[in-house]
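> Sequence isn't available, so here's the structure alone:
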């Protein structure tokens, strides 16, 4: 189970559509959905009907979700507090978890600010992939 965080509802919609069309088992969650729809999505995710939840920061706080093994920050969080809340969705109840943050060159100052605030240097791996190559790589090896 993984949660992919995006900064905007529009980005969530676009990414969920692209991943669904690519054959990924996913659903979206953001503030434009009705409360009833959000509850249905969360229940289905908890019941393992979806492998990926594509969400805005509405899913970063206050949701009790066990079994999430990966957090993907598709968009870098705006600040350290949001980063901490996002990555806190994994590794719960003593389980291990992995958090991956995608950082574009224009976001490097924001990454440094997060690292300073959390007093930790995050490991960095530079890659150069097209969006399609990345989706194919993720599909073949989700870990």
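In hand now; what should we look at? All of these numbers come straight from a predicted model, not from anything done at the bench.

> So residue 54 lies in a strand, does it not?
Yes: counting by DSSP: H, G, I helix; E, B strand; the rest coil, residue 54 is part of a strand.

> what's the nearest residue to it if we skip its chain neighbours?
Closest residue in space to residue 54, ignoring its immediate chain neighbours: residue 16 at 4.3 Å, by Cβ to Cβ, 6 or more residues apart in numbering. Any C-beta I mention is one placed from the backbone N, CA and C, and that applies to glycine too.

> now the helices for this structure?
9-21, 35-46, 80-87, 108-118, 131-140 (DSSP state H).

> returning to that earlier point: can you get me a residue count around the residue nearest to residue 54?
Using other Cβ atoms under 10 Å, residue 16 is surrounded by 22 other residues.

> Kindly provide the distance from it to residue 84.
Using Cβ to Cβ, to the nearest Å, one gets 24 Å for the distance from residue 16 to residue 84.

> what's the answer for residue 53, then?
Distance, residue 53 to residue 84, using Cβ to Cβ: 19 Å.

> how near is the residue lying closest to residue 31 once chain neighbours are set aside to residue 16?
Nearest residue to residue 31 in three dimensions, chain neighbours excluded: residue 58, at 5.3 Å (Cβ to Cβ, 6+ apart). Counting by Cβ to Cβ, the separation of residue 58 from residue 16 is 14 Å.

> Residue 38 now?
Computed as Cβ to Cβ, the residue 38 to residue 16 distance reads 14 Å.

> looking at the helices of the chain, which is closest to residue 99?
Smallest distance to residue 99 across these (Cβ to Cβ): 4.1 Å, for helix 80-87.

> and that closest one, how far from the chain's centre?
For helix 80-87, the distance from its own C-alpha centre to the chain's C-alpha centre is 11 Å (Cα atoms, centre = their mean, to the nearest Å).
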